[in-house]
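Asks: sequence plus the predicted model coming up.
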Amino acid sequence: MLGTVGPVSADGAELSDVAAEAIFEEAQMLCQADNGQLWGASLCGPMMLVDRSSRRVTASHADAQGNLQARGKVFVGQLPPDAIIANTAVDWSGTRWTQLLWPLPQDEGRRRTLLAHEMFHRLQPALAIAAPAEGGNEHLDTLEGRYWLQLEWRALAAALSATDPSAQRNAMDDALAFRAERYRRFPAAARDEAALELNEGLAEYTGVLVGNPTHAARIEAALHDLRAHVGDRSFVRSFAYATGPAYGLLLDQVSPGWHRDLGLHARDLGTLLAEHASITPSTDESALRIAAARHGGPALRRLEVQRDQQRLALLERNRARFVTGPVLRLDLRSMRIQFDPSNMQPLPGSGTVYPTMQLSDVWGTLTVTDGALMQNDWKAVFVQAPASGELLQGTGWQLSLEPGWSLVPGARRGDYVLLAQP
């Protein structure tokens, strides 16, 4: 269906069948227009819209296990309490879905970018793009990591906005030099960033490319992503939403079809651009200072110095809450998680603090409203130990346990751990 989506509600409005049908038609129009050209496979597939308060589902297809009921052109039902709801791809009731939270963005470009982004995630496992295991990207919460990343974003924006090849080339040179300097300062950064860039970065690139009909609209969408994430509380997970579309569109200009060769030889998108554009990033300190000045480096550094002072104080608070103080440790077996990627706080040497999250596992459901520490290997999560007398809730968290599980004292005084009853 061309044009606007029709009855898209404002926040809080009920999802109607008519509105859902319009969304499903819009998604179908996008994936049919792509026709499998981008990734060699169709983005079309089952889609569900979920009302975040009631957990009611309106779906485009029937599910394999019959938990949804047909109602006109859609299928309706209810997600169980332990099912994570988010904009993501999920396997539920025997079917793999593109899941989207209602309401969707009213802006047509933002909405269609989101639709195509999440349709990519549903298809993603079939593409066999070999990305390294995700790391913590803790360096992107430090002064130098944030500084060189934001300079890279500014140079990428200049490259996308350039009106002549020479100006674009110079801006790409700057972006790749800033990225190379970040990798020099943080040797693990190249691998850790590539993992997320080949996941969320490619998804957002797909969203921008498939969700916007013209070159100008795609450039504007990529520029929007570069601007939108500057204000994020942390860049450790959200950075790839900005770099993915920018590098992807520049690669499209330099070497159309570049993405078809990712496969088992996947590398970070900056390296691919450098190779396809025959750019060797500068490592000269004087040249880097001059390039940084072109993109507002001195003022940016002053802002980041101030932020870093606040960060160090927060690190000490989080260490006291989740490392040196008494904690509840929850070991993870088959975890499902919902969280905000823009507000995470790395705790070097220990993991990452998630200010809010909802997590479910075989033992039950954890709801966090004021901080939890996730190990970088995703094998355990920690919250502040519960107060005496009430073991299933504590400062900023609440726990719902499945039958057969209980909390028992841990090895340290005041600590607790989960135990399965025999």
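Replies: Sure, I can see it.

Asks: show the subsequent helix or strand relative to the top helix by length along the chain.
Replies: Secondary structure of the chain per DSSP state H: the longest helix is helix 297-319. For helix 297-319, the following helix or strand on the C-terminal side (DSSP states H and E) is strand 327-331.

Asks: what does the average pLDDT come to for the helix or strand following that following strand?
Replies: Counting by DSSP H and E, the next helix or strand C-terminal to strand 327-331 is strand 336-339. Computed over strand 336-339, the mean pLDDT rounds to 87.

Asks: next one: stretch 386-402
Replies: 86.

Asks: residues contacting that stretch, please?
Replies: Contact with stretch 386-402 is made by 328, 330, 362-372, 383-385, 407, 416, as judged by Cβ atoms under 8 Å, 6 or more residues apart in numbering. For glycine as for every other residue, the C-beta is placed from the backbone atoms N, C-alpha and C.

Asks: show me what whichever strand or helix holds Ala195 is packed against.
Replies: In this structure, Ala195 sits in helix 189-196 according to DSSP H and E. Helices and strands touching helix 189-196, by 3 or more Cβ pairs under 8 Å, 6 or more residues apart in numbering; DSSP states H and E, are helix 165-185, helix 239-254.

Asks: rerun that using 6 Å as the cut-off
Replies: helix 165-185 (3 or more Cβ pairs under 6 Å, 6 or more residues apart in numbering; DSSP states H and E).

Asks: show me what the helix it packs on is in contact with.
Replies: With Cβ atoms under 6 Å, 6 or more residues apart in numbering as the test, helix 165-185 has contacts from 144, 148, 151-152, 155-156, 158-159, 162, 189-190, 270, 274, 279, 281-282, 288, 291.

Asks: just to revisit the earlier point, how big is the angle separating the longest helix of the chain from helix 165-185?
Replies: In terms of direction (axes from the mean of the first three to the mean of the last three Cα atoms, to 10 degrees), helix 297-319 departs from helix 165-185 by 30 degrees.

Asks: so which bits of stretch 183-190 are buried?
Replies: Tyr183, Phe186, Ala189, Ala190 (16 or more other Cβ atoms under 10 Å).

Asks: can you say which of the contacts of stretch 386-402 are buried?
Replies: 328, 330, 363-368, 371-372, 383-385, 407, 416.

Asks: which of those residues sit farthest apart?
Replies: Trp363 and Gly371 (20.1 Å; Cβ to Cβ).

Asks: what is the helix or strand just after the helix holding Ala195 packed up against?
Replies: As assigned by DSSP H and E, the chain's next helix or strand after helix 189-196 is helix 202-211. Counting contacts by 3+ Cβ pairs under 6 Å, 6+ apart, helix 202-211 is packed against helix 108-123, helix 215-228, helix 239-254.

Asks: for helix 202-211, give me every contacting residue.
Replies: 30, 34, 112-113, 116-117, 120-121, 218, 221-222, 241, 244-245, 248.

Asks: between these, which is nearest Leu314?
Replies: Tyr241 (23.1 Å).

Asks: where in the stretch 151-300 of the chain is pLDDT low?
Replies: Scanning the stretch 151-300 of the chain for pLDDT under 70 picks out 263-266.

Asks: contacts for the longest helix of the chain next, please.
Replies: Leu143, Arg146, Tyr147, Gln150, Leu347, Val353.

Asks: ok, of those, which one's closest to Phe235?
Replies: Arg146 (6.2 Å).

Asks: for the protein, which strand is longest?
Replies: Longest strand of the chain, by residue count under DSSP state E: strand 95-102.

Asks: this completes my enquiry, with thanks.
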